[in-house]
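# what would the 3D arrangement of this be:
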Amino acid sequence: MPSILSNKRRQIIQTVTLSLYRFDTIWHKAWAFVMMGLARVSLSKTPHLQFWKLLGSGTGQGFTPIPNWGVYAVLCVWDNGADVRANLEHNPLFKRYRERATQTCTIFLEPTSSRGQWSGQTPFDPRPNTNAGPVAILTRATLRWSKILQFWGQAPAISKRIGENRKVMFKIGLGEVPLRQQLTFSIWPNVSDMAQFAHAHGAHKSAIAQVRQGRWFKEELYARFNITMIDGYWSDFNKQLLRE
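Residues are numbered from 1 along each chain as shown. This next block holds a predicted model:
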């Protein structure tokens, strides 16, 4: 029979963090770009870290094929026994990022739903709940080489529509590999507002239909999260989110 302690541990919700870093000088931008490769060694040795991704970003509304050399992100999935804030505060790698960045912010997340895979893994362990507060959405995909031109023909219209939506509290386009492995992260006031955008008629719904019919993605993942804490400051946040 399982112990009471093990039952309690299973009730602890997994912690996911998305750390954003903005760099201003050419030297710090170059350092951050090089770390897209070098930081892999440190992350692979970090205790309690189950899954991680080093991410670049896009320009414009945040989801374009043109990279933003000044903004990078680190996504981490921590096991249930981790003291996540202590790990982020004292880890030498994250310290180096903070020392060089002009803005830094970490969003703490609890996964509530997830479907699909990322690099052949299912990194998130969701615990469904009915939290009425802001909701974060992460979508990522690996494009088939034969569909890249079609995808980027659709992406600007979708990105523009998200940028014009006054309800979205934050959005950013990220990526592992330019053009092919793309990710969007957005924060909405609630599930209803997010669903209304996702399923409304227009560029977004049309693109989803084309993706499904044409099998544009070799691999994809969709996940939803509750936001438990925001540590730091990021100038692109909607003022409403900063008051949460």
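# element containing the closest residue in space to residue 108 that isn't next to it in sequence?
Leaving aside its sequence neighbours, residue 108 sits nearest to residue 229 (C-beta to C-beta, 6 or more residues apart in numbering; 4.2 Å). Just so you know, the C-beta spots here come from the backbone N, C-alpha and C atoms, and that holds for glycine as well. For residue 229, the element it lies in under DSSP states H and E is strand 217-232.
# just checking: what are the partner strands of that strand?
Here strand 217-232 is paired, per DSSP bridges, with strand 103-116 (antiparallel), strand 135-143 (antiparallel).
# what bridges to the residue nearest to residue 118 when sequence neighbours are not counted?
Ranked by C-beta to C-beta, 6+ apart and with sequence neighbours excluded, the top spatial neighbour of residue 118 is residue 221, at 4.8 Å. Residue 221 has these beta-bridge partners by DSSP bridges: residue 116, residue 140.
# so for the residue nearest the centre of the chain, what's the pLDDT?
Nearest to the geometric centre of the chain sits residue 185, at 4.6 Å (C-alpha atoms, centre = their mean). Among the per-residue scores, residue 185 holds a pLDDT of 93.
# so who does it touch?
Counting by C-beta atoms under 8 Å, 6 or more residues apart in numbering, residue 185 makes contact with 18, 136-138, 170-172, 174.
# switch the cut-off to 10 Å
Listed by C-beta atoms under 10 Å, 6 or more residues apart in numbering, the contact set of residue 185 reads 18, 20, 55, 57, 62-63, 73, 75, 107, 109, 136-140, 170-174, 223, 225.
# check residue 46 too.
Counting by C-beta under 10 Å, 6+ apart, the residues that residue 46 touches are 52, 76, 78, 82, 87, 91-94.
# how are the helices of this protein distributed by residue range?
Here the chain has its helices, by DSSP state H, at 4-11, 26-44, 84-90, 92-100, 148-164, 191-199, 203-214, 239-242.
# which one of those has the lowest average pLDDT?
helix 4-11 (a mean of 38).
# isn't residue 48 right up against residue 81?
Yes. Assessed by C-beta atoms under 10 Å, residue 48 is found in contact with residue 81 at 6.3 Å.
# so these two - more neighbours on which side?
Of the pair residue 48 and residue 81, residue 48 is the one with more neighbours under other C-beta atoms under 10 Å, namely 16 against 9.
# which residue sits closest to that one, ignoring its sequence neighbours?
Nearest to residue 48 is residue 82, by C-beta to C-beta, 6+ apart, at 3.5 Å.
# so how far is residue 224 from that neighbour?
Here residue 82 is placed at a distance of 21 Å from residue 224 (C-beta to C-beta, to the nearest Å).
# repeat that for residue 67.
Distance of residue 67 to residue 224, computed by C-beta to C-beta: 27 Å.
# if you count what's nearby, which of the two comes out ahead?
The residue with more neighbours, out of residue 67 and residue 224, is residue 224; 22 against 16, by other C-beta under 10 Å.
# contacting residues for the more buried one?
Contacts of residue 224 by C-beta under 10 Å, 6+ apart are 109-115, 124, 126, 128, 135-139, 188, 191, 194.
# which residues does stretch 113-122 contact?
Here stretch 113-122 makes contact (C-beta under 10 Å, 6+ apart) with 50-51, 53, 75, 77, 123-129, 137-142, 176, 181, 183, 217, 219-225.
# 8 Å - rerun?
51, 53, 124, 126, 128, 140, 219-224.
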